[in-house]
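Asker: quick one, structure for this:
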Amino acid sequence: MYRTLSLRFSGAVASLALNRAASRNAMSTELMQEMIACAGELAARDDIDVVIVTGAGKCFSAGADLKDPQRWSNDLVSLTQRRAVAELGLRMARAWEDLPQITIAAIEGYAIGGGLALAVALDWRVAARNAFVSLPEISLGIPLTWGTIPRLVNLVGPARAKRLTILCQRVAAPAALRMGLIDELCAPRKAHAAARALAARVLAMPRHAVRMSKEACNAYANRGAQATSFMAHDQLLLAAASAESRAARDAFLKRRPVATRARSRAQPGRRDSVRRRPGRAPR
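Answerer: Have a look, this model is predicted:
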């Protein structure tokens, strides 16, 4: 039924895998559209109480697919169409956040950018001890969107959310656990099994009370989220069209250093070239 996803069921638990292992489960336009459709399918399943989301292969997800022409090279289509594509990430994250079932991210390897954005839209995150997470969007000249910032602030507080977002820090799973970004650690290659064990604990609880409690928690946590997220797709379009963003994304794809301007307080007006290895967020 799905080209980019793998969905299977075991009793009252659904397991969904992002199934683009050759592309490190990068989130293409097609994958995000299918994720929205899958959320709709699962929301209607009264026999499913827990959904586990994982990634095929060695990682959860490398984030938005920078090679997707529908997303980044669509200047010839109308603004309405460009806005619709830019809004897919926000719609996907919201659809999964709004599911009545308990949702668990099972993270192996890494969850980068949009991969982490999806994970924080779920209820809980289980990660292998050797995994890491990062948000490199700003280093690519684009803001963090998809409604992710309110979710980060809810999880780790404003100051840490700013560090994660603005400094593009790569965070090892144990550190992510300490700051509240990850809920549980497990041995490598055991994330799905750990998520299954957590699912079993959920299934032991009265289902309607579980769903009502989730709904109440989300309603309180997200009471101001729309005010900061409704313009996310327009921010993405505006920033992605800038020369600095185009240059940063091109350097990332070609695996060459990215030149950025560093401002020196001691020598105002001077422009220096800072060389950084592309594809790896600053520590």
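
Asker: okay but Ala248 is in contact with Gly141, surely?
Answerer: Yes - proximity of Ala248 to Gly141 meets the contact threshold set by Cβ atoms under 8 Å, at 4.4 Å. Quick note: C-beta positions are derived from backbone N, CA and C, even for glycine.

Asker: residue ranges in the stretch 1-150 of the chain under the pLDDT threshold?
Answerer: In the predicted model, the stretch 1-150 of the chain carries pLDDT under 70 at residues 69-75.

Asker: where along it do the strands fall?
Answerer: When secondary structure is read from DSSP state E, counting those that start in this stretch, the stretch 1-150 of the chain shows strands at 5-10, 13-18, 50-55, 102-107, 110-112, 124-128, 132-134.

Asker: now those strands in TSV, with mean neighbour count and distance to Pro188?
Answerer: Putting the strands of the stretch 1-150 of the chain into TSV (neighbours: other Cβ atoms under 10 Å; distance: least, Cβ to Cβ, whole Å) gives the following:
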stretch	mean neighbour count	distance to Pro188
strand 5-10	13	21
strand 13-18	22	17
strand 50-55	25	14
strand 102-107	28	11
strand 110-112	28	12
strand 124-128	26	5
strand 132-134	24	12
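
Asker: now do the buried residues in stretch 126-145.
Answerer: Buried residues in stretch 126-145, defined by neighbour count with 16 or more other Cβ atoms under 10 Å: 126-128, 131-145.

Asker: and the helices in the protein, which stretches?
Answerer: Assigned by DSSP state H, the helices in the chain fall at 29-43, 69-72, 79-86, 88-97, 114-121, 148-156, 158-166, 173-179, 191-203, 207-221, 225-229, 232-240, 243-254.

Asker: let's have the strands of the stretch 1-150 of the chain in JSON lines, adding distance to Leu198.
Answerer: Rendered in JSON lines, the data for the strands of the stretch 1-150 of the chain read as follows (distance: least, Cβ to Cβ, whole Å):
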{"stretch": "strand 5-10", "distance to Leu198": "14"}
{"stretch": "strand 13-18", "distance to Leu198": "10"}
{"stretch": "strand 50-55", "distance to Leu198": "8"}
{"stretch": "strand 102-107", "distance to Leu198": "6"}
{"stretch": "strand 110-112", "distance to Leu198": "17"}
{"stretch": "strand 124-128", "distance to Leu198": "6"}
{"stretch": "strand 132-134", "distance to Leu198": "19"}
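
Asker: for Met35, find the nearest of those strands.
Answerer: Minimum separation from Met35 across the strands of the stretch 1-150 of the chain (Cβ to Cβ) falls at strand 5-10, 7.0 Å.

Asker: so that closest one versus helix 191-203, what angle?
Answerer: Compare the direction of strand 5-10 with that of helix 191-203 by axes from the mean of the first three to the mean of the last three Cα atoms, to 10 degrees and you get 50 degrees.
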